[in-house]
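A.B. asks: Got a predicted model here, sequence first, then my questions.
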Amino acid sequence: MFAIPGKQAVTITPTAIRQIVKLMDAKGHKGLRVGVKKGGCAGMEYTMDYVDEIDAHDELVEQDGARVMIAPMAQMFLFGTEIDYETSLLESGFKFRNPNVVDACGCGESIKFKDVEELSAERDA
C-alpha cells in the first residue's frame with residue numbers, strides 16, 4: 001500500500017466529520033468508501049458509496065467518529081487529500097482538496113492526476 005507509518009492517508013475537516021457521522025447514524029452504515037473511476041472530461045471522477053462491510057484491503061481512516069474507507073485502487077491517488085463538506089446557496093456536498101490533481105474540468109466534477117510513476121516516486125521519497 002501507499003500509506004506512510006503514523007500518517008493518515010486523508011484528513012477530514014470537522015464539517016465533513018459531522019456530515020459523515022450524520023449519514024452513518026441516519027442509515028446505519030459503517031462509513032463511506034471513497035474511490036476514483038475513469039470518466040468525465042478530465043479523465044477521472046471521485047466516487048463515494050455507503051459501506052456496510054469494511055473490506056480488508058481498504059485503507060481505513062477514523063476521525064472523531066467518522067469512518068472513511070479508501071478503495072485499494074484509489075489509495076495512491078488520494079494520499080494527502082483533505083475531505084471537506086461545503087454548503088452554499090446553490091449546492092452542498094463533499095469537496096476534495098487533493099495535492100495529486102494536476103487539472104480539473106470547469107465544473108470541478110472531473111479531475112486529472114499526476115502520472116502513476118510520478119506519484120510512486122513521491123511516495124518512495
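C.D. replies: Everything's here; your move.
A.B. asks: any idea how far Thr81 is from Gln75?
C.D. replies: 11 Å (Cβ to Cβ, to the nearest Å). Any C-beta I mention is one placed from the backbone N, CA and C, and that applies to glycine too.
A.B. asks: any shared contact partners between the two?
C.D. replies: When contacts are counted by Cβ atoms under 8 Å, 6 or more residues apart in numbering, Gln75 and Thr81 are jointly contacted by Ala9.
A.B. asks: measure stretch 10-19 end to end?
C.D. replies: Stretch 10-19 has an end-to-end distance of 16 Å (Cα to Cα, to the nearest Å).
A.B. asks: which parts of it are buried?
C.D. replies: For stretch 10-19, a neighbour-count test (16 or more other Cβ atoms under 10 Å) marks 10-13, 16-17, 19 as buried.
A.B. asks: Give me the average confidence score over it.
C.D. replies: Mean pLDDT, stretch 10-19: 95.
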